[in-house]
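[1] model this:
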Amino acid sequence: MSKPRPAAGGGHWVEVPPERVARWLENFAGRHGAVTTVTRDAEVVTYTAGDGAVADFHVPFPPLTGDDLIAHVRLDRRVGVLLVRLGGYAAGVFEGERLVASKVGTRQVHGRSAAGGWSQQRFARRRDKQAREALEAAAGAAARVLAPRVPCLDAVVLGGERRAVDELRADPRLGPVFALALDEPFLTVPDPRLAVLSETPASFRAVRVRIREP
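    Residues are numbered from 1 along each chain as shown. Now for the predicted structure:
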């Protein structure tokens with residue numbers, strides 16, 4: 001389980017692995033008293049304990065399937081993942097936690113130059129060319145790995161750098177991919193190598209919980 005993080009408007013956030021949700025609720029009731037009220041909609045299930053503490057479970061892969069949150073979060077889904085930074089990209093398909101298809105690559109994009117004058121302009125043009133080529137490579141990987149599998153995917157999870165990801169949205173090959181993309185979570189990751197891609201299920205399967213103490 002992740003460390004608590006402050007939540008805007010009060011309380012704090014934690015992330016709970018799907019297999020620990022039932023135990024987490026038992027511990028919540030043990031600390032705050034038996035749950036007295038449960039309210040749910042398609043995206044949030046709220047548990048209110050006897051002492052007034054509140055836990056808002058933000059449903060992963062909404063909408064909530066039926067009324068059973070625990071059953072919903074433990075479903076094995078087929079999920080596409082697209083991670084893009086200017087220095088690299090990773091596109092993968094997971095069945096549950098198992099990576100079944102992937103394409104990972106790196107492209108050199110120089111940092112900004114501190115030089116001035118003509119040299120700086122020439123450097124900026126070269127950097128822009130490198131950035132375009134890097135994003136084209138990322139789009140190509142997504143088109144090969146994710147686009148053909150869209151009919152079988154439950155959702156697509158995005159990550160890396162938001163600006164880099166957004167640059168790919170205009171690619172007509174990726175329209176169906178972005179149509180399945182979730183708003184949250186957006187995975188903040190280092191350079192998207194295979195090891196980084198392989199570890200993403202721990203983040204995108206986790207349940208985000210906002211806790212408000214009495």
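
[2] where are the low-confidence patches of the chain?
    1, 107-131 (pLDDT under 70).

[3] Provide a complete list of residue ranges assigned to strands in it.
    For the chain, the strands defined by DSSP state E cover 5-6, 12-16, 35-40, 44-49, 54-58, 78-85, 88-95, 98-106, 155-160, 181-187, 207-212.

[4] Now distance to Glu167 and mean neighbour count too, for those strands, in CSV please.
    C-beta here means a position set from N, CA and C on the backbone, and glycine is covered the same way. Output for the strands of the chain, formatted as CSV (distance: least, Cβ to Cβ, whole Å; neighbours: other Cβ atoms under 10 Å):
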stretch, distance to Glu167, mean neighbour count
strand 5-6, 28, 10
strand 12-16, 28, 18
strand 35-40, 37, 12
strand 44-49, 32, 19
strand 54-58, 28, 20
strand 78-85, 8, 24
strand 88-95, 11, 24
strand 98-106, 16, 15
strand 155-160, 11, 23
strand 181-187, 14, 15
strand 207-212, 27, 20
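
[5] Using TSV, lay out the ones you listed together with distance to Asp67.
    Below are these laid out as TSV (distance: least, Cβ to Cβ, whole Å):
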stretch	distance to Asp67
strand 5-6	29
strand 12-16	19
strand 35-40	7
strand 44-49	9
strand 54-58	13
strand 78-85	23
strand 88-95	26
strand 98-106	28
strand 155-160	21
strand 181-187	22
strand 207-212	16
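
[6] Just tell me which of the ones you listed ends up closest to Ser198.
    Taking Cβ to Cβ, strand 98-106 is the member of those nearest to Ser198, at 5.6 Å.

[7] Remind me what the closest one packs against, helices and strands.
    strand 88-95, helix 117-145, helix 194-198 (3 or more Cβ pairs under 8 Å, 6 or more residues apart in numbering; DSSP states H and E).

[8] Strand partners (parallel or antiparallel) of it?
    strand 88-95 (antiparallel) (DSSP bridges).
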